[in-house]
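Asker: sequence and predicted structure, then a few things I'm wondering about:
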Amino acid sequence: MSMETDQSESRLNGVAVFFYVFLPFALGHYLSSLLRNVNAVLAPHLVGALALTPGQLGLLTSAFFFAFALVQLPVGIALDRYGPRKVQVILLMLAATGALLFATGRSFGQLVLARAVIGCGLGGCFMSAVKAIATWISPKRLPSVQGYLIAVGGLGAASSTMPVRMLLQHVDWRGLFMLLALLTACSGLLIWLITPRSKAPGGALPTVRSVLDVYRAPAFRATISLVLVPHAIFFGIQGLWIGRWLSDVARFPDAAVAYLLYMGMASVIFGAIAVGMITEWAGRRGIEALDVAAVGVFLFILVQAAIVFNWRPSLQLLSVLFTLVGTITGIEYAIVAQSLPRTLTGRAATCLNLLIFIGAFLVQAGFGLIVGLWRPDAAGHFPALAYRVAFGVLVALQMPGLLGYFHDFLRRRQVKCGIVMLTQKEDYEIGTLRSPR
């Protein structure tokens, strides 16, 4: 990097970083969250236009997650080699192409392919933003910036609900995707035009062994064994099936479903901020972040158990609580970043994304297959029993991780108690031999 570039980088103040770096990349993350969740509102339109079964609807929407997961490792390598500015521009143009293909698709297969292209193009939005911002700010401020990015993602998720439904009063779903394709392309162009140029990181390509080092790390395995499945369920269900559950089981009209989805998605903003504050508060009192995550996962499972038992007095409250409490799963990134060596944190985040989005793909597609085992009524609504069984399967999938955490927690407590008792015994036995001061 030339001296002139170094000097220009050092002259950037906080305001310049916000406008020239944070906002352009945050816009890409906003659109990524919007496109990931928009099918929750579009589901009735897509089912009506293509006569989709629940299994097909789940596969169509989950294709985003599958493609998103597949590109994680290549995107991580590209970011290390070429820098976020070049990589993100190319990816956003690919995502815009996918949105355009979705708008013009005429068959189920064409829409699945288009949705997968969108997932590939948006696969680097969050990591590109984090890496770009890390170039211009100190590492100690990264956790707070990550919280702001998650909040921006929550805003994008909220925009995929009521605002999209209001827009659908003026354009159809094909016109909506034409507009999203244009906005995504403009986001990439904005990054190219105003984001300061910096030298690409370069360096050697990561080897397979270096990636496996992440999976071998005990802290990484402990984290994913507890939080990975709930995180995948949170992503997979909030982006599609919560809306269908409200429509089929609670029999709410489309306007009410869109409003409740909006309330749930908007709660991600407050949930992300609250999780950060609670984790910092707990850390000051010696409580580990993994213990905070365990409490959150327990509450998340309770919400799903209430859905299984058809807690009818407040189905609308359950829909919002599912998203609000499920936000705790985002703590996974912070735990991994704090627990692993700095040399592994980049690859750890990429590996985490890979596992989460593969899991979300399986959850979203599998949930639809389970619901599709029942016949809909004349109005196209599937019975409450179908959803109760599907949510019951999800609860069962999360229980081993939670029980395993409690087993390790009790073992850690026993070890600590043993150390304290041995220390006290040693003080008692040799205390009288110490010379008085």
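Answerer: Looks like it arrived, so ask away. Residues are numbered from 1 along each chain as shown.

Asker: pull the number of nearby residues for residue 406.
Answerer: Using other CB atoms under 10 Å, residue 406 has 12 neighbouring residues. In short, each C-beta sits where N, CA and C put it, glycine included.

Asker: quick one: the helices in the stretch 51-200 of the chain?
Answerer: Using DSSP state H, counting those that start in this stretch, the helices of the stretch 51-200 of the chain run over 54-70, 72-82, 84-104, 108-121, 125-136, 142-159, 162-167, 173-194.

Asker: out of those helices, which gets nearest to residue 253?
Answerer: With CB to CB as the measure, helix 162-167 is the member of these nearest residue 253 (11.2 Å).

Asker: of the helices of the stretch 51-200 of the chain, give the one that comes closest to residue 235.
Answerer: Of all the helices of the stretch 51-200 of the chain, it is helix 54-70 that lies closest to residue 235, at 7.0 Å by CB to CB.

Asker: which strands and helices sit next to that closest one?
Answerer: Packing partners of helix 54-70 (3 or more CB pairs under 8 Å, 6 or more residues apart in numbering; DSSP states H and E): helix 39-50, helix 108-121, helix 218-236, helix 345-371.

Asker: make it 6 Å
Answerer: helix 108-121, helix 345-371 (3 or more CB pairs under 6 Å, 6 or more residues apart in numbering; DSSP states H and E).

Asker: could you dump these into TSV and include mean neighbour count and distance to residue 181?
Answerer: Shown next, in TSV, are those (neighbours: other CB atoms under 10 Å; distance: least, CB to CB, whole Å):
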stretch	mean neighbour count	distance to residue 181
helix 108-121	21	9
helix 345-371	22	22
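
Asker: low pLDDT regions in the stretch 301-437 of the chain?
Answerer: Counting by pLDDT under 70, the stretch 301-437 of the chain contains low-confidence residues at 312-313, 342-346, 414-437.

Asker: tell me which stretches of it form helices.
Answerer: Ranges of helices in the stretch 301-437 of the chain, per DSSP H, counting those that start in this stretch, are 315-326, 331-339, 345-371, 384-430.

Asker: just to revisit the earlier point, which of the helices of the stretch 51-200 of the chain sits closest to residue 320?
Answerer: helix 142-159 (11.9 Å).

Asker: can you list the buried residues in that closest one?
Answerer: Judged by neighbour count using 16 or more other CB atoms under 10 Å, the buried positions of helix 142-159 are 145-159.

Asker: so which of those is the closest to residue 165?
Answerer: Nearest member of the buried residues of helix 142-159 to residue 165, counting by CB to CB, is residue 159, at 10.8 Å.

Asker: if I look at the closest one, how far off is residue 176?
Answerer: Per CB to CB, to the nearest Å, residue 159 is found 12 Å from residue 176.

Asker: over to residue 86?
Answerer: 29 Å.

Asker: re earlier: in JSON lines, list the helices of the stretch 51-200 of the chain along with mean pLDDT.
Answerer: Formatted as JSON lines, those follow (pLDDT from 0 to 100):
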{"stretch": "helix 54-70", "mean pLDDT": "91"}
{"stretch": "helix 72-82", "mean pLDDT": "81"}
{"stretch": "helix 84-104", "mean pLDDT": "95"}
{"stretch": "helix 108-121", "mean pLDDT": "96"}
{"stretch": "helix 125-136", "mean pLDDT": "80"}
{"stretch": "helix 142-159", "mean pLDDT": "78"}
{"stretch": "helix 162-167", "mean pLDDT": "91"}
{"stretch": "helix 173-194", "mean pLDDT": "96"}
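
Asker: show me what stretch 148-163 is in contact with.
Answerer: For stretch 148-163, the surrounding residues in contact (CB atoms under 6 Å, 6 or more residues apart in numbering) are 26, 29-30, 33-34, 37-38, 41, 129, 258-259, 261-262, 265-266, 268-269, 272, 330.
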